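> what's the 3D shape of this:
(one chain, ligands or ions: 2)
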Amino acid sequence: AGLVAGGASAVAADRATRDDAGTTALTSIGASAVDFGGQARAHGTPQAGILDPHQVHGHLIAFDLAPRADRKAAAALLRRWTQAARALVEGRPADREDTGSALDAGPASLTVTMGFGRTFFGKVGLTKQLPQALAPLPDFSSDVLDKARSDGDLWLQIGANDGLVAFNALRVLQRVAGDTARVRWQMTGFNRTPGATGKPRTTRNLMGQIDGTNNPKPEEDDFDARVFVPKGGDASSPAWMAGGSYAVVRRIRMLLDTWDHLSLEQQERVIGRRKSDGAPLSGGTETTPVDLEKFTKDGSIAIRGDAHVRVAAPESNQGAAMLRRPYSYHDGFREDGQPDAGLLFIAWQADPMRGFVPVQRKLDRGDGLSRFLRHEASGLFAVPAAAKPDEYVGQPLLEG
Ligand SMILES: C=CC1=C(C)c2cc3[nH]c(cc4nc(cc5[nH]c(cc1n2)c(C)c5CCC(=O)O)C(CCC(=O)O)=C4C)c(C)c3C=C
Ligand SMILES: [Fe+2]
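Ligands and ions are numbered 1, 2, ... in the order given. You can find the predicted model right below:
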């Protein structure tokens with residue numbers, strides 16, 4: 001009986017939100033739009049998709065330029081991508097060939113973020129503009145990288161709070177690449193749906209941990225210097241990258257069969273935080289600063305020497321920090337029965353040598369979590385500032 005009553009009231013509630021024409025107002029999830037022109041910061045205006053809240057659905061896609069594609073063809077492609085993205089993020093079809101999987105939907109917080117890989121510059125005769133910060137990432141001892149799913153000349157990050165909107169953007173942008181660029185690899189990820197938890201909280205990853213707590217915060221004094229290239233560029237970045245950022249992308253598989261065998265206490269010691277609420281093992285709540293010097297009553301160190309938060313912390317890495325904005329992924333099960341699942345780790349920083357690289361070097365040597373991870377693919381992309389209203393993304397590079 002309860003079910004019948006619940007069903008009837010749900011139908012009544014649904015009717016109540018419809019107007020006379022039978023249309024239903026979009027929820028705030030569908031109606032929310034993110035400005036393609038980005039939001040101005042101290043160092044410039046970064047592209048959307050870096051500072052915005054995680055979306056539920058994410059696609060990462062890398063392209064290689066076709067053999068005969070030159071600088072002019074690359075510029076035309078960036079112009080087409082920018083034009084299409086501008087329509088899509090406003091909830092409009094990109095062009096007459098838009099298949100239409102996003103018809104009826106609002107913008108759903110769609111973002112499209114565009115970047116350049118190291119190999120792009122030589123192919124279009126722009127080696128003088130190659131940032132030093134795009135130097136290849138070093139090899140790490142725990143890497144088992146699949147080259148075919150790593151790197152790429154061009155990279156797009158697509159995020160949206162609706163799966164059909166996200167797919168439509170992916171398809172449109174792949175289609176309009178035309179003969180200029182071919183897909184090198186593509187990965188799909190997800191995050192928690194807004195409203196799925198009783199109160200908003202930091203998302204969890206597929207190991208069950210609250211992940212993202214100790215990210216640099218936009219209101220902190222050193223945030224812009226850590227994440228964005230300063231006005232005019234710097235020693236590792238030319239001026240065309242001013243206001244931009246570097247994305248390190250790592251496909252990191254989690255060895256969940258092994259992980260799930262650990263007790264809750266063992267899992268918490270590996271990270272250094274409680275699983276239930278993300279509070280540090282040194283005490284307090286999720287947002288309490290981690291106390292790396294704290295000892296417990298029995299005289300043991302509260303956060304172990306190889307705990308992930310200790311090894312990754314800026315205090316352990318001469319201040320090195322990055323903004324992490326990942327997606328979880330699951331691509332079915334492998335032949336050995338293990339889930340092909342983990343984290344599409346995306347880290348944003350002003351210079352990978354002051355962000356990802358020193359931290360990953362340290363994690364590679366001494367992180368208790370690394371026993372449960374496999375880094376399977378890797379990429380590094382220069383992501384310039386947002387396009388001005390009458391320009392396309394990357395115009396200062398391609399026409400500078
Ligand atoms: C090289 C950088 C990092 C990689 C690779 C990485 C992988 C990775 N991390 C988790 C889970 C958590 N990480 C947490 C914190 C954290 N991680 C990094 C860096 C890398 N992580 C940093 C810099 C920090 C912050 C450290 C600090 O200052 O306290 C946490 C704790 C919660 C939080 O602060 O986000 C978790 C949980 C996984 C599962 C993973 C690979 C799959
Ligand atoms: Fe981490």
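> ok, and what's touching stretch 353-362?
133, 135, 137-138, 140, 226, 236, 246, 248, 311-312, 316-318, 320-322, 347-349 (Cβ atoms under 8 Å, 6 or more residues apart in numbering). The way it works is simple: take the backbone N, C-alpha and C, and place the C-beta from them, glycine included.
> what's the answer for stretch 83-95, then?
Residues contacting stretch 83-95 (Cβ under 8 Å, 6+ apart): 33-36, 48, 100, 102-103, 105-108, 110-112, 114, 165, 168-169, 172-173, 176, 392.
> what do you get for stretch 237-244?
41, 43-47, 129, 131-133, 228-233, 350-351, 382-386, 396-397, 400.
> From these, list the ones also adjacent to ligand 1.
Applying Cβ under 6 Å from any ligand atom to those, one finds that nothing falls near ligand 1.
> ok, back up a step: in helices, which of the contacts of stretch 83-95 fall?
Using DSSP state H, Val165, Asn168, Ala169, Val172, Leu173, Val176 are the members of the contacts of stretch 83-95 that sit in helices.
> and the fourth one, what does it touch?
In this case it means Val172. Ala84, Leu88, Ala94, Asp95, Asp98, Thr99.
> element containing the first one?
Pointing back at Ala84 there. helix 71-88 (DSSP states H and E).
> quick one: average pLDDT of that helix?
Helix 71-88 carries an average pLDDT of 98.
> next one: stretch 50-66
97.
> do the same with stretch 206-220
97.
> wait, does it make contact with ligand 1?
Yes. Under the criterion of Cβ under 6 Å from any ligand atom, ligand 1 is reached by stretch 206-220 at Met207, Gln209, Asp211, Gly212, Thr213, Asn214.
> would CSV of these with neighbour count and secondary structure be doable?
Shown next, in CSV, are the residues of stretch 206-220 next to ligand 1 (neighbours: other Cβ atoms under 10 Å; DSSP: H, G, I helix; E, B strand; the rest coil):
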residue, neighbour count, secondary structure
Met207, 23, coil
Gln209, 21, coil
Asp211, 22, coil
Gly212, 18, coil
Thr213, 17, coil
Asn214, 20, coil
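> tell me which parts of the stretch 101-250 of the chain are close to ligand 1?
So far as Cβ under 6 Å from any ligand atom goes, the stretch 101-250 of the chain lies against ligand 1 at Asn205, Met207, Gln209, Asp211, Gly212, Thr213, Asn214, Arg250.
> Name the spans of the chain whose pLDDT lies under the cut-off.
Along the chain, the model assigns pLDDT under 70 to residues 1-22.
> mind running it again at 90?
For the chain, the stretches with pLDDT under 90 are 1-28, 142, 194-195, 198-201, 400.
> just the strands in it please.
57-65, 111-117, 154-160, 181-190, 245-254, 323-324, 327-333, 339-349, 373-383 (DSSP state E).
> and the third one with strand 373-383, angle?
On the basis of axes from the mean of the first three to the mean of the last three Cα atoms, to 10 degrees, strand 154-160 is oriented at 100 degrees to strand 373-383.
> Adjacent strands (with direction) for strand 154-160?
strand 57-65 (antiparallel), strand 111-117 (antiparallel) (DSSP bridges).
> Tell me which of those is the most buried.
strand 111-117 (a mean of 26; mean count of other Cβ atoms under 10 Å).
> Specify the angle between it and strand 245-254 in degrees.
Using the same axes, to 10 degrees: strand 111-117 against strand 245-254 is 100 degrees.
> what's the angle from strand 111-117 to strand 339-349?
Using the same axes, to 10 degrees: strand 111-117 against strand 339-349 is 80 degrees.
> Understood, closing this out.
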